[in-house]
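In: need a 3D model of the sequence below.
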Amino acid sequence: WLAMAASGGGWMSDHDTFPTNFPMDEAIDLPNDGKFTTFQDHIPALMSGTAQQWDEMIKLLIDVKVIRSDMFAFAAVIHTYRNSVILDRRSFVQHGFAYDSPHKVNCENMANHRVIHMSHSSTKQAVKDGLYPLEEYINDKNPFGFHTRAQAVQSFLGEW
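Out: So this is what the prediction gives:
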């Protein structure tokens, strides 16, 4: 968050969010005239804003005094300072493994999003639904796929 303010603003994604179909013109021209925008509600999977907006958001994150994680602090900011952020619910973020069936990627769904967010919750859901691409690694020590999530994402992106 601090780096975004210091580097002039722009787009930021969480470490487990990957670009899929992100047009270059949208990478330069920020949505909503640069006002701080989040595309997955309080989850910092994909956000944008000018340097001034990022700087203001940092102050609000500190003000809410939530230290558990940036996600929980951001949720508190959204709740406390509702006008400080735009919640853009367009289909920019695909949440999780976009499979129709094991190893069969829903390409139409992938084409309709800018990024894919491979969160812990979507990984756990893929295991539950039988859509985790590395099912052979699901065992007592890795029941939800968290320990092999990076490899599973790599496998999914390769299949896409």
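
In: who touches the lowest-mean-pLDDT helix or strand in the chain?
Out: Ranked by mean pLDDT, DSSP states H and E, the weakest helix or strand in the chain is helix 24-28, scoring a mean of 84. With contact meaning CB atoms under 8 Å, 6 or more residues apart in numbering, helix 24-28 is reached by 11, 114. Heads up, the C-betas are built off the backbone N, CA and C, glycines and all.

In: contact partners of the next helix or strand after it?
Out: Sequence-wise, the next helix or strand downstream of helix 24-28 (DSSP states H and E) is strand 37-38. Residues from elsewhere that reach strand 37-38 (CB under 8 Å, 6+ apart): 30-31, 44, 46-49, 74, 78, 85-88.

In: filter those residues to the buried ones?
Out: 30-31, 44, 46-49, 74, 78, 85-86, 88 (16 or more other CB atoms under 10 Å).

In: could I get the phi/psi values of the residue lying farthest from the centre of the chain?
Out: Largest separation from the mean C-alpha position in the chain: Asp140, at 27.9 Å (CA atoms, centre = their mean). Phi and psi for Asp140, reported as degrees, to the nearest 10, are phi -60, psi -30.

In: if I look at it, how far off is His147?
Out: Distance, Asp140 to His147, by CB to CB, to the nearest Å: 11 Å.

In: need the residue closest to the centroid of the protein.
Out: Centre-nearest of the chain using CA atoms, centre = their mean is Ala45, 2.0 Å out.

In: just the strands in the chain please.
Out: Counting by DSSP state E, the chain has strands at residues 9-13, 17-19, 37-38, 46-50, 86-87, 93-95, 99-101, 104-105, 115-117.

In: can I assume Phe144 is in contact with Lys124?
Out: Yes: if you go by CB atoms under 8 Å, Phe144 and Lys124 touch, sitting 4.4 Å apart.

In: please identify the buried residues of the least confident helix or strand of the chain?
Out: Within helix 24-28, no residue qualifies as buried by neighbour count (16+ other CB under 10 Å).

In: what comes into contact with the longest helix anywhere in the chain?
Out: If you go by DSSP state H, the chain has its longest helix at helix 51-63. Applying CB under 8 Å, 6+ apart, the contact partners of helix 51-63 are 1-2, 4-9, 34-36, 49, 70, 73-74, 77, 80-81, 84-85.

In: ok, stretch 118-133 next?
Out: Here stretch 118-133 makes contact (CB under 8 Å, 6+ apart) with 16-18, 43, 45, 95-97, 99, 101-103, 135, 138, 143-146, 149, 152-153, 155-156, 159.
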